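1. how would this look folded up:
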Amino acid sequence: MTKFGELIGSDIPVLIDFFAEWEGETNDSHSTLRDVAAALGDKAKVIKIDIEKNETLANALRIKGNPTFIIYKDGEMKWRQSGNQDANTLISLVQQYV
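-> Prediction:
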């Protein structure tokens, strides 16, 4: 979890998509995050974390829904939502913290 602390401690916003492959995630989610990352460029980080491969972290953060999106900045959670989100919504949410 030390690496996670370093990751979210960034002074730029960090959008994390907590997901599980077993839920049958479609390519839509992957392309949505690609669009978000492309739109934000170096103003933010966009990261996907597989909850099955990072069970301890998912349990610590009480990740129940798939997907769950969280925005961190300076180590502090700024926004959290479970369920699919469109690219424009995610972009505008992250831009609030740029």
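
2. so what touches the longest helix along the chain?
-> Using DSSP state H, we find that the single longest helix of the chain is helix 27-40. With contact meaning C-beta atoms under 8 Å, 6 or more residues apart in numbering, helix 27-40 is reached by 15, 17, 19, 46, 48, 67, 84-87, 90-91, 94-95, 98. For the C-beta atoms, the positions are set from N, CA and C on the backbone; glycine is no exception.

3. how about stretch 88-98: buried residues?
-> Using 16 or more other C-beta atoms under 10 Å as the test for burial, stretch 88-98 gives 90, 91, 93, 94, 97.

4. just stretch 39-57 next, same as before
-> Per 16+ other C-beta under 10 Å, stretch 39-57 contains these buried residues: 39, 40, 44, 45, 46, 49, 51, 54, 57.

5. next one: stretch 74-93
-> 78, 79, 80, 85, 87, 90, 91, 93.

6. what about it, start to end distance?
-> 16 Å (C-alpha to C-alpha, to the nearest Å).

7. quick one: average pLDDT of the longest helix of the chain?
-> On average, the pLDDT along helix 27-40 is 88.

8. could I have the CA atoms of that helix written out in PDB?
-> Provided in PDB are the C-alpha atoms of helix 27-40 (Å, rounded to 0.1, in the frame of the first residue of the first chain):
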ATOM      1  CA  ASN A  27     -14.200  -2.200 -24.200                       C
ATOM      2  CA  ASP A  28     -16.400   0.800 -23.700                       C
ATOM      3  CA  SER A  29     -14.800   1.400 -20.300                       C
ATOM      4  CA  HIS A  30     -11.300   1.100 -21.700                       C
ATOM      5  CA  SER A  31     -12.000   3.500 -24.600                       C
ATOM      6  CA  THR A  32     -13.700   5.900 -22.100                       C
ATOM      7  CA  LEU A  33     -10.600   6.000 -19.900                       C
ATOM      8  CA  ARG A  34      -8.400   6.400 -23.000                       C
ATOM      9  CA  ASP A  35     -10.500   9.400 -24.100                       C
ATOM     10  CA  VAL A  36     -10.300  10.900 -20.600                       C
ATOM     11  CA  ALA A  37      -6.500  10.400 -20.400                       C
ATOM     12  CA  ALA A  38      -6.100  12.000 -23.900                       C
ATOM     13  CA  ALA A  39      -8.300  15.000 -23.000                       C
ATOM     14  CA  LEU A  40      -6.500  15.700 -19.700                       C
END
